[in-house]
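A.B. asks: The following comprises the amino acid sequence and a computationally predicted model.
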Amino acid sequence: MLGNEFQRSYGWLTASMHRLVGCRNDAEDLAASTFTELAALDDVRHIRQPRALLTTIARRLTFEFWRRRDLERAYLAELALRPEGHGASAEELCMTVEEIVRIDAALAKLSRKAREAFILSQFEEMGYAEIALRLDVSVSMVRKYVAQALAACWPVTEP
């Protein structure tokens with residue numbers, strides 16, 4: 001069943017992802033990851049609408065892809081602000097990567113809208129009203145989402 005679905009849908013899914021992410025290589029990676037997740041399901045024989053499930057999995061993976069890309073861009077932008085010849089030490093780079101991984105894991109535990117609101121406000125520098133329109137929620141809900149994300153990313157620690 002899975003092999004047949006792969007033959008029927010891989011090209012279609014790759015083309016869909018290519019339209020979404022704009023890069024053929026990234027689209028192929030996302031499509032392959034989607035089928036990997038599908039293969040990990042317990043019983044794929046009872047899936048009634050495989051393309052709908054593939055689309056759902058692929059879109060989730062795409063949001064994760066964009067989130068990682070935005071984190072990477074933010075990190076690279078911070079590096080670009082450093083004076084010439086004042087690169088980060090190996091220890092600083094390691095600590096930064098660990099922090100990014102920790103923040104990414106914290107964001108992954110939030111709802112999709114909370115993650116998206118945080119990313120749009122912090123990395124895309126969008127205002128709360130603009131985010132509210134984009135997510136189809138109220139401005140006060142955007143405030144709550146961003147506060148939730150900030151609390152998850154920077155937990156208060158006792159001295």
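C.D. replies: That came through, no problem.

A.B. asks: Dead centre of the protein: give me the residue that sits there.
C.D. replies: Glu64 (2.0 Å; Cα atoms, centre = their mean).

A.B. asks: Figure out how far the helix or strand hosting that one is from the centre of its chain.
C.D. replies: Secondary structure assignment for Glu64, by DSSP states H and E: helix 50-80. Here the centre of helix 50-80 is set off from its chain's centre by 3 Å, with Cα atoms, centre = their mean, to the nearest Å.

A.B. asks: and what of stretch 36-47?
C.D. replies: The answer for stretch 36-47 is 22 Å, by Cα atoms, centre = their mean.

A.B. asks: Kindly report the same for stretch 118-132.
C.D. replies: With Cα atoms, centre = their mean as the basis, stretch 118-132 stands 15 Å off its chain's centre.

A.B. asks: And Leu150, how far from Arg8?
C.D. replies: For Leu150, the distance to Arg8 equals 44 Å [Cβ to Cβ, to the nearest Å]. Where C-beta positions appear, they are placed from N, C-alpha and C, glycine not excepted.

A.B. asks: quick one on the thing from earlier: and the helix holding Glu64, what's buried?
C.D. replies: 50, 53-55, 57-59, 61-62, 64-65, 67, 71 (16 or more other Cβ atoms under 10 Å).

A.B. asks: which other residues reach the following helix or strand past that helix?
C.D. replies: Scanning forward in sequence from helix 50-80, with DSSP H and E defining helices and strands, the next element found is helix 90-108. Helix 90-108 is contacted by residues Glu64, Arg67, Arg68, Leu71, Tyr75, Ala88, Arg115, Phe118, Ile119, Ala149, Ala152, Cys153 when judged by Cβ atoms under 8 Å, 6 or more residues apart in numbering.

A.B. asks: Which pLDDT value belongs to the nearest residue to the residue nearest to the centre of the chain once chain neighbours are set aside?
C.D. replies: Distances taken as Cβ to Cβ, 6 or more residues apart in numbering place Ala108 nearest to Glu64, at 7.8 Å, with adjacent residues excluded. Here the pLDDT value assigned to Ala108 is 87.

A.B. asks: Same check on Leu135?
C.D. replies: At Leu135, the model reports a pLDDT of 90.

A.B. asks: In contact with it, which residues?
C.D. replies: Per Cβ under 8 Å, 6+ apart, neighbours of Leu135: Lys113, Glu116, Ala117, Met141, Val142.
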